[in-house]
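Trainee: sharing a model prediction with you, sequence too.
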Amino acid sequence: MPVAQAPVAQLEVAAAAMAQVGHRYEALSLAEKILLRDPENALAHFIVAREMLAEGKTDIAREAAARSFAGAGTDRQRYEAAVLAAKVAVTDKRWISAQYWARHSIQYAPDAALKDVAVQDYYRLRGESPLNWSLRLGLRPSSNVNGGADSRLNVIDGYDAVGVLSDDALALSGLVGTLNFDASYRIAGSARAETRLGGSFYLRGVELSGSPTMTPSYLPGDPVPDPVEISNSDYSMAALGVSLKQRYMLDPLTQLSGTVEAGQLWDGGEPGYGYAGVHLRGDRRLGGAPDATRLSLGLGVERREWNDSVQSDTRRDLTFGLTRSVPGGDLSGSMRLLDVASNNGQARSWSVSGSLRYEPEARLGPLAYALSAGIGRTVYPDYSVLWMHPDGGRQDQTVFGEVGMWAPDYGYAGFTPELRVQALRVDSNVSRFTRSEMSLAVGLRSNF
């Protein structure tokens, strides 16, 4: 039968056969004839992409691979098209594009073995790429967006005097949106070490529920002023930072890193404080197996200079982390010690906190889930309200819990929606700081 009269399906079989035995010219010729009759044919675009890549014509190969992926009818076809598109991107040293297609290859890998290979390829590409970046978006309805008190009365343990809190010092409900963007570029590197110059940007916005109002402060005997609306922008936050990070592999199981960073934070639309710090971290895997126990240890010192006062803070922290596989899932834990030295006695404090997270292998239907909980204690030894100094200073006890759920088999490019139900309770001997919060956080989660 003449080629011009052959069905497209027959031409597909012939083109695939020619490509398989290495008859590139014949395979490409048949693919072009298929595309004349079926411009979105995934197999024909795949053959064009592969042959153009072999000839070094990556502009044509890039477009053909993308169209092959878009027109694919099965997960296997999407997987093969994504792998090919990633190879084209690597050839062009388009590292971000290569990682994008590698994520697709993981999502559509037809079996566990190929998925493991695809995951390893993805991390290898991230390691080879001089430019790395991440973007995290979050949306969180909350019963307490401002860290406000549960009660209008301010009671200090050990004293009979009772204060009255303003409306904006009470818990306000609303919607919290966050954006967190990080990027870094490798400026030097070798097989065992690399140096990265980075930048970060954080943004927090709040939409208060019900247009709450507050009565401005006034002196006794003065007329009571009219209420004013509490502004959403009062609870906004932004931060901009730069960093220089050095990473060094002592051996295949041990990594050390050091980071120098500086930046500026804005709170409520006004300059808050500038900061500069140094952070050291060590990571150790106890064995070569993928599920081997992992340990981490971190040390940090940060200096904060407040813009609206002469206050200066020096924060020193020590962190420890552990992750290991246990029967039925993965368990991780962390502990943090923090000391804050300040020329403002109200800010001097120390704290200790710890948390656990368990992610079971079992699922609730299509949903995977994780359980987290933690406790903390913070002491402000020099805290006072007027002449009142609580015995032992201000002491805050924190308890929190979280349930996170996501659907690993659904998503895009390895990302899936995640829902987190969070609860927090803080009890303090200064009731202004006794508070609680319930929130429902919605975001995106990487499946690997």
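Mentor: Structure received. The structure displayed is predicted, hence computed values, not measured ones.

Trainee: tell me how far the one helix or strand residue 318 maps to lies from the chain's centre.
Mentor: In this assignment (DSSP states H and E), residue 318 forms part of strand 312-326. Taking CA atoms, centre = their mean, to the nearest Å, the mean C-alpha location of strand 312-326 is offset from the chain mean by 18 Å.

Trainee: quick one: buried residues of that strand?
Mentor: 313, 315, 317, 319, 321, 323 (16 or more other CB atoms under 10 Å). Where you see a C-beta, it was placed from the backbone N, CA and C, and this is true even at glycine.

Trainee: surely the third one and residue 334 touch.
Mentor: No: with contacts counted by CB atoms under 8 Å, residue 317 stays clear of residue 334, the gap being 11.8 Å.

Trainee: could you list the low-confidence segments of the stretch 201-350 of the chain?
Mentor: The stretch 201-350 of the chain contains no residues with pLDDT under 70.

Trainee: would you map the helices across it?
Mentor: Shown for the stretch 201-350 of the chain, no helices are assigned by DSSP state H, counting those that start in this stretch.

Trainee: before we move on, back to that, for the buried residues of strand 312-326, give me JSON lines that also has distance to residue 387.
Mentor: Formatted as JSON lines, those follow (distance: CB to CB, whole Å):
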{"residue": "313", "distance to residue 387": "25"}
{"residue": "315", "distance to residue 387": "29"}
{"residue": "317", "distance to residue 387": "33"}
{"residue": "319", "distance to residue 387": "38"}
{"residue": "321", "distance to residue 387": "43"}
{"residue": "323", "distance to residue 387": "49"}
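
Trainee: tell me which residues are up against the helix or strand hosting residue 182.
Mentor: Per DSSP H and E: residue 182 is located in strand 174-189. Applying CB atoms under 8 Å, 6 or more residues apart in numbering, the external contacts of strand 174-189 come out as 129-142, 145, 194-209, 232, 243, 245, 439.

Trainee: report how many residues lie close to residue 271.
Mentor: As a burial measure, residue 271 scores 12 neighbours (other CB atoms under 10 Å).

Trainee: which ones are touching it?
Mentor: Counting by CB under 8 Å, 6+ apart, residue 271 has contacts 264, 265, 307, 308.

Trainee: who does it form a beta bridge with?
Mentor: Beta-bridge partners for residue 271, by DSSP bridges, are residue 266.

Trainee: likewise for residue 258?
Mentor: residue 246, residue 280.

Trainee: that one contacts residue 278, doesn't it?
Mentor: Yes: between residue 258 and residue 278 there is a contact at 7.1 Å, judged by CB under 8 Å.

Trainee: who's in contact with the closest residue to residue 164 other than its chain neighbours?
Mentor: In this structure, residue 164 finds its nearest non-sequential neighbour in residue 152, 6.1 Å apart by CB to CB, 6 or more residues apart in numbering. Shown in contact with residue 152 (CB under 8 Å, 6+ apart): 164, 165, 170.

Trainee: cool, residue 330 as well?
Mentor: Counting by CB under 8 Å, 6+ apart, residue 330 has contacts 291, 323, 324, 358, 359.

Trainee: sorry, back to before: name every strand pairing with the strand holding residue 318 and say which way it goes.
Mentor: Here strand 312-326 is paired, per DSSP bridges, with strand 294-306 (antiparallel), strand 329-342 (antiparallel).

Trainee: of those strands, which is nearest residue 9?
Mentor: When these are compared by CB to CB, strand 329-342 sits nearest residue 9, at 46.7 Å.

Trainee: the closest one: how far from the chain's middle?
Mentor: 18 Å.

Trainee: list the buried residues for it?
Mentor: 331, 332, 334, 336, 338, 340, 342.

Trainee: go ahead and confirm the fifth one touches residue 316.
Mentor: Pointing back at residue 338 there. Yes: with contacts counted by CB under 8 Å, residue 338 reaches residue 316, the gap being 7.3 Å.

Trainee: remind me what whichever strand or helix holds residue 118 packs against, helices and strands.
Mentor: Taking DSSP H and E as the definition, residue 118 sits inside helix 112-128. Applying 3 or more CB pairs under 8 Å, 6 or more residues apart in numbering; DSSP states H and E, one finds that helix 112-128 contacts helix 75-91, helix 95-107.

Trainee: and for residue 80, the neighbour number?
Mentor: Residue 80: 22 neighbours (other CB under 10 Å).

Trainee: and it, how far from residue 74?
Mentor: 10 Å (CB to CB, to the nearest Å).

Trainee: same question for residue 426.
Mentor: Separation of residue 426 from residue 74 (CB to CB) stands at 52 Å.

Trainee: among the contacts of residue 330, which pair sits farthest apart?
Mentor: Farthest pair in these (CB to CB) is 291 and 358. Separation: 14.8 Å.

Trainee: give me the more crowded residue out of the two.
Mentor: Taking neighbours as other CB under 10 Å, residue 291 and residue 358 compare with residue 358 leading, 16 against 11.

Trainee: tilt between the helix or strand encompassing the more buried one and strand 329-342?
Mentor: Element membership for residue 358 (DSSP H and E) is strand 349-360. Orientation of strand 349-360 against strand 329-342 (axes from the mean of the first three to the mean of the last three CA atoms, to 10 degrees) gives an angle of 170 degrees.

Trainee: neighbours of residue 75, how many?
Mentor: Neighbour number of residue 75 under other CB under 10 Å is 12.

Trainee: nope, residue 233 is what I was after
Mentor: If you count neighbours by other CB under 10 Å, residue 233 ends up with 11.

Trainee: from residue 276, how far out is the nearest residue to it once chain neighbours are set aside?
Mentor: Spatial nearest neighbour of residue 233, excluding adjacent residues (CB to CB, 6+ apart): residue 269 at 5.2 Å. Remark: distance between residue 269 and residue 276 (CB to CB) = 23 Å.

Trainee: compare the two (neighbour count), which wins?
Mentor: More crowded of residue 269 and residue 276, by other CB under 10 Å: residue 276, with 14 against 11.

Trainee: I'd like the distance between residue 53 and residue 310.
Mentor: For residue 53, the distance to residue 310 - CB to CB - is 63 Å.

Trainee: compare the two (neighbour count), which wins?
Mentor: Set side by side, residue 53 and residue 310 show more neighbours around residue 53, with 20 against 8, by other CB under 10 Å.

Trainee: centroid residue for this structure?
Mentor: By CA atoms, centre = their mean, the chain has its centre lying nearest to residue 136, at 5.0 Å.

Trainee: just the element for that residue, please.
Mentor: Using DSSP H and E, residue 136 maps to strand 131-142.

Trainee: which helix or strand lies directly C-terminal to that strand?
Mentor: strand 153-155.

Trainee: please state the offset of that next one from the chain centre?
Mentor: In terms of CA atoms, centre = their mean, the centre of strand 153-155 is found 38 Å from the chain centre.

Trainee: can you list the strands that that strand pairs with?
Mentor: Going by DSSP bridges, the partners of strand 153-155 are strand 162-164 (antiparallel).

Trainee: buried ones in the partner strand?
Mentor: By neighbour count on 16+ other CB under 10 Å, the buried set for strand 162-164 is residue 163.
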